[in-house]
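> Fold the following and give me the result.
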Amino acid sequence: MSNSWNIPVLLIVSLASAIAGAQETAGAATGKQAPVAYASVSELNGILTPLQQTSQSMQSDLGKLRIEKWKTDNATKRQTLANVESIQRNLQSALPEMLTQLNNSPEDLGASFKLYRNLDALYDVFGSVVESAGAFGSKDEFQSLSNDMTGLETARHAFGERVQKLAASKDDELTRLRAQVKTLSAAPPPPPKKIVVDDTEPPPKPAKKKATKPKPPTTTPPASQNPTPN
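Numbers count the residues shown, from 1 in each chain. Modelled structure (predicted):
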């Protein structure tokens, strides 16, 4: 059932790691982080919302299977039951965690590729259950699972295209960030500010002399005009 998009794993992982390092360096130098474009968030929501609906439908339809009544050998029944349990665990635990991580970081290339690989694995295992239902199950079981398979394939296909476009965009971003880091590294650092410390004590100011007020002149009393008796 596998119809892989053949997205190179090592290339995606290496690109994600390189971008993270370049973003950290450039972000530390400039103190800025580029915002996520609205178009990118809208595209992601257009993929994840139907995927969540498909996931709920898959869980419901898998729970309605009566594999014990299928006309096949016990080994096939046990293998199908094990596949169903594995798919349900993934849909109930692993997939919601990946969706939450991606909603928090819509253009995280590592998180995007992780979800893509999970959808690819789900597609393979779920496909084997659908084939077994078509061969050994009821018509209603097969029809329900086939509808779910179509929804899963649509989400997988759309998300595979998004990962490829995101990888190309991140490759361009990596080139730009490397150029930015190179420019910032080559720029001379600003000259340090000179701080002049004047620790010399100013000369003491001369003490002001107190102004002395002139003393008032002493007046001699006039001699008496009366003659002194002999």
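
> Flag every buried residue along stretch 100-113.
Judged by neighbour count using 16 or more other C-beta atoms under 10 Å, the buried positions of stretch 100-113 are 102, 106-113. Every C-beta, even on glycine, is put in place using the N, C-alpha and C of the backbone.

> Neighbours of Ser132, how many?
23 (other C-beta atoms under 10 Å).

> That one contacts Thr80, correct?
Yes - Ser132 is within contact range of Thr80, at 5.0 Å (criterion: C-beta atoms under 8 Å).

> Give the residues shared as contacts by the two.
When C-beta atoms under 8 Å, 6 or more residues apart in numbering defines a contact, the residues bordering Ser132 and Thr80 alike are Trp70.

> So which residues of the protein form strands?
For the chain, applying DSSP state E gives no strands.

> what ranges of this structure fall below the confidence cut-off?
Applying pLDDT under 70 to the chain flags the ranges 1-34, 180, 187-190, 194-230.

> follow-up on the earlier one: biggest separation within the buried residues of stretch 100-113, which pair?
Distances among the buried residues of stretch 100-113 were taken as C-beta to C-beta; the most separated pair is Pro106 and Phe113, at 13.6 Å.

> Helices along this protein, start to end?
For the chain, helices defined by DSSP state H occupy the ranges 9-30, 38-63, 74-89, 95-104, 109-136, 139-186.

> so which of the ones you listed is the most packed in?
Stretch with highest mean neighbour count among those: helix 109-136 (a mean of 19; mean count of other C-beta atoms under 10 Å).

> Could you list every helix and strand that that helix packs against?
Helix 109-136 sits against helix 9-30, helix 38-63, helix 74-89, helix 95-104, helix 139-186, with contacts defined as 3 or more C-beta pairs under 8 Å, 6 or more residues apart in numbering; DSSP states H and E.

> mind putting the ones you listed in a markdown table, distance to Pro192 included?
Shown next, in a markdown table, are the helices and strands packed on helix 109-136 (distance: least, C-beta to C-beta, whole Å):
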| stretch | distance to Pro192 |
| --- | --- |
| helix 9-30 | 18 |
| helix 38-63 | 42 |
| helix 74-89 | 60 |
| helix 95-104 | 41 |
| helix 139-186 | 18 |
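
> which stretch among the ones you listed comes nearest Asp120?
Distances from Asp120 to each of the helices and strands packed on helix 109-136 were compared using C-beta to C-beta; the minimum, 6.5 Å, belongs to helix 139-186.
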